[in-house]
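curious how this folds, go ahead:
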Amino acid sequence: MDINAALKAFVRTVERESITAAARDLGISQPAVTKHIRNLEARLNARLLERSPKNVRVTAQGAELYDSCRHALASIDAALEGVSLNDGVVEGALRIHAPVCIGEKHVHPIVMAFLDAHPNTNIELVLENRQVDLIHENFDIAIRFGKIEGQDVIARRIGWIQRILVASPEFLDVAPPVDRPEQLCDIALVATKNVLEKRNELQLLSHANEAVTIAVSPVLTTNSAQVLLKSLLAGRGIGTIQTNQVIDEIDDGRLVRVLPDYALKPIAASLTYPSTKFMRPVVRAFTDFAITRLRAITGISAEPACAFDAMPEKA
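Numbering: from 1, shown residues only. From the prediction side, this is the model:
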């Protein structure tokens, strides 16, 4: 019996709660995973998993084995990758998760540059607007917004995502003037759902860090940064958007700042990875490669207090 393969099959089955999913992650057949687990149970003379038609659950003995061996397996993988790294070669597979807004515009080019620099690596880039379970869903790295929770997650702060109000010049030419936050309640607004408080309230911060909450009636809410951007360029209203998404449009005059003395509360952005995979050289190499590039993006500040400093002014 290949004990390393058997333990990997067991660990992945526990994390995925599915033999089929474990087989898919490991790139082997479902019968092969089942055989590995049965051989492991026979060797230990212990029942490690309880199987049913709907799911797989770990037993008490299985949970003890899982806690003992998952870190050891990660260390073995890291050691094997480290040999190649010592020869100057970064290699291995990565699964990366990121929000769509930053993923399409910024993470994708970084991934392509990393692949060019390290041709012995391969990357699966998944872009979704949800928070993933890194271990259960087998992701090596995820970019997360907001507070990081979970003892098995290590986070490395990227910075603070700045968010501002913008509109097209064409919209502002025909819309009522907006010189004060209170005037937003009477004007067409487009926004992503996560920037609105309960009951469609929009909270803005002034230069003095004073909060102003405005009741708004958005004409469009969306979970897509591209839909939001296209709507703003089409003159559908004033929009709340991440600064990094509209730098080019502001530079060429297609969009302009609205209420430049106010901004939305910035969001913390972090690179996160499971603690059991932190030492894998390919994970470390990508993190070091990506974080300097992400921090260099206009609209991502080192501190929340810097949120106004790098923001484009109204043309």
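
which stretches of this structure have low pLDDT?
75, 77-88, 150-151, 197, 276-279, 305-315 (pLDDT under 70).

how does it divide up, domain by domain?
3-84, 90-315 (automatic domain parsing).

how many residues are close by residue 193?
Other residues near residue 193 come to 11 when the count uses other C-beta atoms under 10 Å. C-beta coordinates here come from the backbone N, C-alpha and C atoms, glycine included.

my read: it touches residue 223, true?
Yes. At 6.2 Å, residue 193 and residue 223 qualify as touching, with contact defined as C-beta atoms under 8 Å.

who's in contact with residue 42?
Contacts here follow C-beta atoms under 8 Å, 6 or more residues apart in numbering; on that basis residue 42 touches nothing.

could I get the buried residue list for the host helix or strand of it?
Using DSSP states H and E, residue 42 maps to helix 30-44. Buried residues in helix 30-44, defined by neighbour count with 16 or more other C-beta atoms under 10 Å: 33-37, 39-41.

and stretch 152-166, by the same measure?
For stretch 152-166, using 16+ other C-beta under 10 Å, the buried residues are 153-155, 158-166.

now the helix or strand just after the helix holding residue 42: how far from the chain's centre is it?
Per DSSP H and E, the first helix or strand lying C-terminal to helix 30-44 is strand 49-51. Here the centre of strand 49-51 is set off from its chain's centre by 32 Å, with C-alpha atoms, centre = their mean, to the nearest Å.

residues of strand 49-51 that come out buried?
Those would be residue 49, for strand 49-51 by 16+ other C-beta under 10 Å.

parallel or antiparallel, list what pairs with it.
strand 56-58 (antiparallel) (DSSP bridges).

the strand it pairs with: how far from the chain's middle?
28 Å.

could you tell me which residues within it count as buried?
Buried residues in strand 56-58, defined by neighbour count with 16+ other C-beta under 10 Å: 56, 58.

and stretch 206-217, by the same measure?
Residues 214, 216 are the ones in stretch 206-217 that count as buried (16+ other C-beta under 10 Å).

reformat the buried residues of stretch 152-166 as a markdown table; add secondary structure and distance to residue 291.
A markdown table is the format used below for the buried residues of stretch 152-166 (DSSP: H, G, I helix; E, B strand; the rest coil; distance: C-beta to C-beta, whole Å):
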| residue | secondary structure | distance to residue 291 |
| --- | --- | --- |
| 153 | strand | 16 |
| 154 | strand | 13 |
| 155 | strand | 11 |
| 158 | strand | 6 |
| 159 | strand | 9 |
| 160 | strand | 14 |
| 161 | strand | 14 |
| 162 | strand | 18 |
| 163 | strand | 21 |
| 164 | strand | 24 |
| 165 | strand | 29 |
| 166 | strand | 27 |
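
for those, which one is nearest residue 72?
Of all the buried residues of stretch 152-166, residue 72 sits closest to residue 154, with 18.1 Å by C-beta to C-beta.

what sits against that closest one?
272-275, 278.

cool, and residue 106?
Residues near residue 106 by C-beta under 8 Å, 6+ apart: 244, 294, 297.

can you do 6 Å?
residue 297 (C-beta atoms under 6 Å, 6 or more residues apart in numbering).

how much space between it and residue 220?
24 Å (C-beta to C-beta, to the nearest Å).
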